[in-house]
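Visitor: this is a predicted model, with the sequence first.
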Amino acid sequence: MPTSIHISALDGIVNVNSLFTLAVFIGLTWNPTDPNNNLILEPSCNPGPSVAEDLVAFHVYSFSSFLFSSLIALGLKQAIRITKSPAYHPPVEFLAHINRSLLRVGMLVSGIGSVLGCGFLMLALVNVVQIKLGTLACGSTQSFAAVVPLVILVPIGLLVYVCMVLYAFTR
């Protein structure tokens, strides 16, 4: 029987994904090709058009992953609510109970979508840094100072999240 812990976990996924989806959506409205919107002093450090293309692509991938994850989580929450409702009496027995294995798989798939969304968002932010501060290939100190904490802290956070999801998956 699904518990309030399952509902809370699904709520958490939806809430966090909503915040990230909003951030990605706002990021998509930004014009990366505006020449007045950067801090690059050395013209040779300006990124090529492929960086801006990657930025948009990673934003779209991130948006898709967060939306996918949220829709799976919301579907699972709805299924739990329907089966707990006293007014719900389906004619077929297998619809009356939530299969714990399917619930766990759904939560795992939703978690994977969130992890992919965070990964793509991190890659998009690396491209934002390159557009604003100069390419990493140029050796810009400011770019490295912005990107290094990003590529260290985000994977550590994702690793902790994955461990917690896998722990919940096995319990």
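Guide: The structure has been received and is ready for your questions. Since this is a predicted model, take the numbers as computed values, not measurements.
Visitor: tell me who's in contact with the residue positioned nearest the centre of the chain.
Guide: Closest to where the C-alpha atoms of the chain average out (Cα atoms, centre = their mean) is residue 117, at 2.7 Å. Shown in contact with residue 117 (Cβ atoms under 8 Å, 6 or more residues apart in numbering): 17, 20, 24, 62, 63, 64, 65, 66, 69. Where C-beta positions appear, they are placed from N, C-alpha and C, glycine not excepted.
Visitor: quick check: buried residues in the least confident helix or strand in the chain by mean pLDDT?
Guide: Within the chain, no helix or strand scores below helix 4-28, which has a mean of 77 by mean pLDDT, DSSP states H and E. Within helix 4-28, the residues that count as buried by 16 or more other Cβ atoms under 10 Å are 6, 9, 10, 13, 14, 16, 17, 20, 21, 23, 24, 27.
Visitor: quick one, the longest helix along the chain and helix 4-28 angle?
Guide: Counting by DSSP state H, the longest helix found in the chain is helix 49-84. Here helix 49-84 points in a direction 150 degrees away from that of helix 4-28 (axes from the mean of the first three to the mean of the last three Cα atoms, to 10 degrees).
Visitor: so what secondary structure elements neighbour the strand or helix carrying residue 159?
Guide: Residue 159 belongs to helix 141-170 when assigned by DSSP states H and E. Contact analysis of helix 141-170 by 3 or more Cβ pairs under 8 Å, 6 or more residues apart in numbering; DSSP states H and E lists helix 100-133 as its packing neighbours.
Visitor: nearest spatial neighbour of the residue nearest to the centre of the chain, chain-adjacent residues omitted?
Guide: In space, and not counting its chain neighbours, residue 117 is closest to residue 65: 3.5 Å by Cβ to Cβ, 6 or more residues apart in numbering.
Visitor: for the helix holding residue 159, the distance to its chain's centre please.
Guide: Distance, stretch centre to chain centre, for helix 141-170: 12 Å (Cα atoms, centre = their mean, to the nearest Å).
Visitor: give the buried residues for that helix.
Guide: Those would be 143, 146, 147, 154, 158, 165, for helix 141-170 by 16+ other Cβ under 10 Å.
Visitor: relative orientation of that helix and helix 4-28 in degrees?
Guide: Relative orientation of helix 141-170 and helix 4-28, computed by the same axes, to 10 degrees: 160 degrees.
Visitor: alright, that wraps it up for me.
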